[in-house]
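1. Would you be able to build a 3D model of this:
(chains A and B)
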Amino acid sequence: MSIIAKNIVKQFGDKVILNDVTVEAPSGALVALLGPSGSGKTTLLRIISGLEVPDQGTVQFHADDITRRSARDRNVGFVFQHYALFRHMTVFENIAFGLRVRKISEAKIRERVHELLELVKLPEMADRYPAKLSGGQKQRIALARAIAPKPAVLLLDEPFGALDANVREELRQWLRRCHDEYHMTSIFVTHDQEEAFEVADKIVVMNKGRVEQEGSPAEVFEHPANAFVMKFLGKVNSFQAVLQDGRVLFGNVEMPVGANQVIQTGNGKADVYVRPHELDLGRTAESGNCLRGKVMHINPAGSIVKVRVLVEDFGLVVNVDISPERHRQLALASGESIFVSPKNAKIFEPDYAI
Amino acid sequence: MTESGQQPDADTTPHPPALPARAPTSGDPAWVRILITTIAVGSLIVLVVIPVLSVFVEALSRGVTRYAQNLTDPDNLSAIALTAVVAPCAVILNTLFGVAAAWAIARFQFPGRTLLVTFIDLPFAISPVVAGLMFVLLFGSSGWFGPWLNAHGLRLLFTPLALVIATTFVTLPFVARELIPVMEAIGPDEELAALSLGANGRQIFWRITLPNVKWGLLYGLILCNARAMGEFGAVYVVGGRIAGETNTMPLQVEMLFQGFDSPAAFAVATVLTMLGLVSLGLKTWVESQQDDGQKQEEPAEPGITESVIPPKTA
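-> This next block holds a predicted model:
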């Protein structure tokens, strides 16, 4: 079942939380609402679930306009950041709650709850109380509770935000499997871009109550629509460049921004963004198109080597990611002189600058 | 219930070592500690234990038979019965008001919310005698509603109903005051979770809200009941002190005492005292239950990395 939230406006007092937001989740997709805190992503999720009412706009499940329908009648599974398990009920009763209010027979409830306990791999926890569970276990039970009544839509509000890194990692993959197995349309809210990229089919980047960009993870990452998206989706170096006769110059270095309208619109200043892996290091200034710098710090832990370079002429610190092979080749050491050359750069409409 | 062997059993994880029983942190000399303890225990004995015991001693000073006679005197029995009716009535009314007020205040923002919070405390600030006089002013024969009541052949003052109203007013804050912080601490998430799972308002209240606040509610009820049984000032004014009709236990005790029948006064007082002791015991028990509940709310140790990936089934 597809979900469409159309032209949603929501204000709390004078504060505009959502400013004409339209988001669509195709049937069966797992969509991430990604944004910093205060971007309105949680409010949007609550509006879709019916826990919040929009000031303007409509929410549609498939072809049905359900904007005025109570959360109770939307058949939505909702997973809260802090689990919201019923503390006075056992794990079994927690999962059974959504079935009990639907007046399903006791035998069927038992069968379904045990099936779900198997799914979340906690069958021996049936008689425990939530207080006796670890965070990861609680969130798995919360998920089992949400999908017990077989909702067509699963909504998750920062589901793994309160968990340890390693537990989070596993639960992500687990969520993905769960989603695929139960043929739901799922939307989850996160501020962690890695989490979004790891599990989502579609990413909606939000900021200040607006959608900045939406698309597949590859689209959003490789073709960020503006400087905000570029900056939010990973580390980036920014250079204050000058536009001159259709060229983008930082000092004497021409930034390889490719064909871009901004360049043709004339002269002036513009911010140019380069990801750390799109910079290269060299011992000599062989290409000519490079900045002279000094190695400040080398972090070799991981699948890439992170090098911090001080470009002395501009007093600018640049982050460069190189492969371990390249690192070995160059045999870098702190304090050494080095040349930095951009392989690829991005430039955006200046009025979008943050 | 299979595969239990795959899970690290939480019960076998080592518990943190028990804290040392109590560290003697105080560096004060022995005589200071002994002096302070003596002052505390001594004043408790002089101000609390001896007076409470003396109530029983005085009541039984003319023998058990006389004590029994005093208790079974029709007017005294009526006073005991009246308190046994008025206090629970006040508690029930306060429960309805307290739950509604706490729910509204803890869950919603509405105009007048701050005002409501302030007004709940008003009965604590006003002297019970003044509270009684307010009701006389409202419902007395020359009061605002008195003539209307008279015209319809109704009378409120000097009836048990007036006692219930006055007692309810005086004890108004107890239940709401206990519930508001509990409900605010628990937050609305569990109720919203129940809503999204398809529960209606009634189911949410009975299955989620009420069980979550039950200890706080019970605590409020006990305090409210204790205060309602002991209420004197307000019921003194609105009840008219008619022995056998509108005298509750505290009023009856005072009337007997003023009439120089102190064995009888103390006999009734023993009943009141025992009810107070029962309340105290219940209160202590509820507090211990609340503490247990709070201990449970502490986040559990995050489990060792568990295999959470479900088997891929067809």
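
2. C-alpha coordinates for stretch A:316-329, CSV please?
-> The C-alpha coordinates for stretch A:316-329 follow below in CSV (Å, rounded to 0.1, in the frame of the first residue of the first chain):
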residue,chain,number,x,y,z
LEU,A,316,42.6,26.0,5.2
VAL,A,317,42.5,22.5,6.6
VAL,A,318,41.5,19.9,4.1
ASN,A,319,40.4,16.3,4.7
VAL,A,320,41.7,13.8,2.1
ASP,A,321,40.8,10.1,2.0
ILE,A,322,43.2,7.9,0.1
SER,A,323,43.5,4.1,-0.3
PRO,A,324,45.9,2.2,1.9
GLU,A,325,47.9,1.3,-1.3
ARG,A,326,48.3,4.9,-2.2
HIS,A,327,49.3,5.6,1.4
ARG,A,328,52.0,3.0,1.2
GLN,A,329,53.1,4.4,-2.2
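
3. buried ones in that stretch?
-> Across stretch A:316-329, burial judged by 16 or more other CB atoms under 10 Å in any protein chain shown covers A:316, A:318-322, A:326-327. Placement of C-beta: from N, CA and C, glycine included.

4. Can you give me the end-to-end span of stretch A:143-160?
-> In stretch A:143-160, first residue to last residue: 11 Å (CA to CA, to the nearest Å).

5. that older thread, return the subset of the buried residues of stretch A:316-329 lying in helices.
-> Judged by DSSP state H, the subset of the buried residues of stretch A:316-329 located in helices is A:326-327.

6. Return the helix or strand in the chain with minimum mean pLDDT.
-> Defaulting to chain A. helix A:261-264 (a mean of 59; mean pLDDT, DSSP states H and E).

7. ah, I was thinking of chain B
-> Least confident helix or strand of chain B, by mean pLDDT, DSSP H and E, is helix B:262-297 with a mean of 84.

8. and which of the buried residues of stretch A:316-329 is nearest to B:Leu172?
-> Within these, distances to B:Leu172 taken as CB to CB reach their minimum at A:Asn319, with 64.1 Å.

9. Now do the helices for the stretch 101-250 of chain B: every range, in order, please.
-> Counting by DSSP state H, counting those that start in this stretch, the stretch 101-250 of chain B has helices at residues B:113-120, B:122-125, B:128-139, B:146-151, B:160-170, B:173-186, B:189-196, B:201-204, B:210-230, B:233-239, B:249-258.

10. A:Thr90 is nearest to which of these?
-> Of all those, helix B:210-230 comes closest under CB to CB, at 12.5 Å.

11. mind giving me the domain ranges of chain B?
-> Domain assignment for chain B, taken from automatic domain parsing, gives B:31-60, B:63-294.

12. Please apply the same query to chain A.
-> Listed by automatic domain parsing, the domain ranges of chain A are A:3-231, A:235-348.

13. which ones are touching the most centrally placed residue in chain B?
-> With distances taken as CA atoms, centre = their mean, B:Leu223 lies nearest the centre of chain B, 2.0 Å away. By CB atoms under 8 Å, 6 or more residues apart in numbering or on different chains, B:Leu223 lies in contact with B:174, B:178, B:279, B:283.

14. same check, this time on A:Asn319
-> A:Asn319 sits next to A:235, A:237, A:276, A:279, A:306-309 when contact means CB under 8 Å, 6+ apart.

15. at 10 Å instead, please
-> Listed by CB atoms under 10 Å, 6 or more residues apart in numbering or on different chains, the contact set of A:Asn319 reads A:235-237, A:274-277, A:279, A:297, A:299, A:306-309.

16. Looking at the residues you listed, which are in helices?
-> Among the contacts of A:Asn319, no member falls in helices (criterion: DSSP H).

17. quick check, nearest of the residues you listed to chain B?
-> Sorting the contacts of A:Asn319 by how near they are to chain B, with CB to the nearest CB, puts A:Asn299 at the top with 25.7 Å.

18. my guess is that closest one meets A:Leu332, correct?
-> No - the criterion here is CB atoms under 10 Å, and A:Asn299 misses it with A:Leu332 at 11.5 Å.

19. and for these two, which residues touch both?
-> Contacts common to A:Asn299 and A:Leu332, judged by CB under 10 Å, 6+ apart, are A:305, A:307.

20. All good on my end, thank you.
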